[in-house]
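Trainee: my questions concern the predicted model and sequence given below.
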Amino acid sequence: MKITGTGSALPEKVVTNDMLAGFLDTSDSWITSRTGIRTRHLLSTETLTDLALKAANAAIASSGVQPEDIDYLICSNVANSYVSPSLGSILLAPLGLCCPTFDLNGACAGLVYSLDIADSFLKTGRAKNILIVAAEEPSRFCNWHERETSVLFGDGAAALVVTEGEGFKDFLLTADTHTEVLYYKRSLEETPYDRLDEKTEPLVMNGREVFRLAVTSCIDDIDKILEKNNMSGHDIDLYLLHQANFRIIESIRQHLEQPREKFPTNMQNYGNTSSASIGILIDELSRTGQLKDGATLLLSAFGGGFVTGAAILKWSQINY
Ligand code: ACO
């Protein structure tokens, strides 16, 4: 499998750390020093569907594939206003697609999970061209009366078109049950038989524990996938890691003893956009010519659950 088209979209509204400090007990210096995040884009006038469509249309256009030739749509999304239909179903008609679709919730590792599934579909001949859309609005499940989580996230969407080719070399996915470290709970309707008094709880996070799990599990994944492919950290040209926190990336980089230039970041501008983050990074780097033809990339992401995903691929240049 190889990536033949990329796209991304961000909300117009840019929110700085100082703007947050206007109504939360926080500061630009705390957020910047603890996370590396300076601004994030938050949905205000647009919808998540608008972002997803914009990213998907850009990916389809850059791939050169016609919408009617896309034979699967995989949508990575943690939560949006609709529980049903799936976000994929909502996107099909406006994109001019007529193909099966489903949503996948792999938290922030959802894009890597989607790529792994797409790779299996291509290998088994179930599909030839697959559109993957990662669209996330984490701002809509944070508690905006508290400073702990709301300052970390941003909204955004990314899309990739994948097709047969010599690109992806290997995947490594993991999952474990750690509900307590990071969760967002939505209340469901009462029934005559079940009146459980369960309230919606905006995102609850044990930041220190997520930080620890993120660093240890990503290091473990990267070490394992490199070893399995008889590679060392030096064989990777760029590490495209989940953009949650600059210090998490820095801890992983130090373990790998690799130079900082190999770890491009954009969380400083967009915050943590959940499963869209690596896709937005790929799109930006590719469109600005920073992904060289033949470059070896390593993707690594972690998220609530606790799930992680890593992949190694050789990049093929896309002409936009
Ligand atoms: N502004 C100011 N102070 C704050 C803020 C804030 N926004 N948030 C917390 N604090 C305070 C706390 O109340 C606490 O105060 P106390 O010491 O008086 O109790 C203190 O800052 C916490 O300090 P530390 O624990 O030292 O903070 P730390 O260096 O661990 O940074 C952070 C916290 C940024 C949350 C870090 O732990 C982290 O990034 N964890 C990972 C989070 C993450 O990546 N989540 C998403 C992953 S999965 C996904 O992407 C969906």
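Mentor: Thanks, I have the structure now.
Trainee: for residue 175, give me phi and psi.
Mentor: Backbone torsions of residue 175, given as degrees, to the nearest 10, read phi -160, psi 150.
Trainee: from the ligand, how far off is it?
Mentor: 13 Å (CB to the nearest ligand atom, to the nearest Å). C-beta here means a position set from N, CA and C on the backbone, and glycine is covered the same way.
Trainee: can you get me a residue count around that residue?
Mentor: Residue 175 has 15 neighbours, counted by other CB atoms under 10 Å.
Trainee: tell me the bridge partners for it.
Mentor: residue 307 (DSSP bridges).
Trainee: okay, it: pLDDT?
Mentor: Note for residue 175: predicted pLDDT of 97.
Trainee: what's it in contact with, if anything?
Mentor: Applying CB atoms under 8 Å, 6 or more residues apart in numbering to residue 175 gives the contacts 305-308.
Trainee: can stretch 303-313 be found next to the ligand?
Mentor: Yes. Counting by CB under 6 Å from any ligand atom, the ligand is contacted by stretch 303-313 at 303-304.
Trainee: same question, stretch 27-41
Mentor: Yes. Stretch 27-41 lies within reach of the ligand by CB under 6 Å from any ligand atom, at 30-31, 34-35.
Trainee: can I have the buried ones of those residues as a ChimeraX selection?
Mentor: To isolate the buried members of these in ChimeraX, using 16 or more other CB atoms under 10 Å:
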select :31,34,35
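Trainee: about what we covered before: now, which of the contacts of residue 175 sits nearest residue 54?
Mentor: Nearest to residue 54, judged by CB to CB, of the contacts of residue 175 is residue 307 at 26.9 Å.
Trainee: that older thread, quick one: which of the residues of stretch 27-41 next to the ligand sit in strands?
Mentor: Residues of these located in strands (DSSP state E): none.
Trainee: coming back round to it: from the contacts of residue 175, which shows the smallest pLDDT?
Mentor: Minimum confidence in the contacts of residue 175 sits at residue 305, scoring 92.
Trainee: the residues of stretch 27-41 next to the ligand in helices, which ones?
Mentor: 30-31, 34-35 (DSSP state H).
Trainee: in TSV: those, plus pLDDT.
Mentor: Converted to TSV, those look like this (pLDDT from 0 to 100):
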residue	pLDDT
30	98
31	98
34	98
35	98
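Trainee: out of those residues, which one sits closest to residue 109?
Mentor: residue 35 (19.1 Å).
Trainee: that closest one against residue 249, yeah?
Mentor: No. The pair residue 35 / residue 249 is not scored as a contact, 10.6 Å apart, by CB atoms under 8 Å.
Trainee: residues from the stretch 201-320 of the chain in reach of the ligand?
Mentor: So the stretch 201-320 of the chain meets the ligand at 205, 207-208, 210-211, 214, 244-245, 272, 274, 303-304 (CB under 6 Å from any ligand atom).
Trainee: okay, now the closest residue to the ligand within the chain: neighbour count?
Mentor: Nearest residue of the chain to the ligand (CB to the nearest ligand atom) works out as residue 207 at 2.8 Å. Residue 207 has 15 neighbouring residues, counting by other CB under 10 Å.
Trainee: please state the backbone phi and psi of the nearest residue to it once chain neighbours are set aside?
Mentor: Nearest non-adjacent residue to residue 207, counting by CB to CB, 6 or more residues apart in numbering: residue 148, 6.7 Å away. Per-residue torsions, residue 148: phi -60, psi -50 (degrees, to the nearest 10).
Trainee: quick check: residue 148 touching residue 205?
Mentor: Yes. If you go by CB under 8 Å, residue 148 and residue 205 touch, sitting 6.6 Å apart.
Trainee: what's the following helix or strand after the host helix or strand of residue 56?
Mentor: In this assignment (DSSP states H and E), residue 56 forms part of helix 48-63. Later in the chain than helix 48-63, the nearest helix or strand by DSSP H and E is strand 72-76.
Trainee: the residues of the stretch 201-320 of the chain next to the ligand: which two are farthest apart?
Mentor: The widest separation within those (CB to CB) is 19.8 Å, between 208 and 274.
Trainee: dump the residue contacts of residue 150.
Mentor: Here residue 150 is in contact with 20, 24, 139, 142-144 (criterion: CB under 8 Å, 6+ apart).
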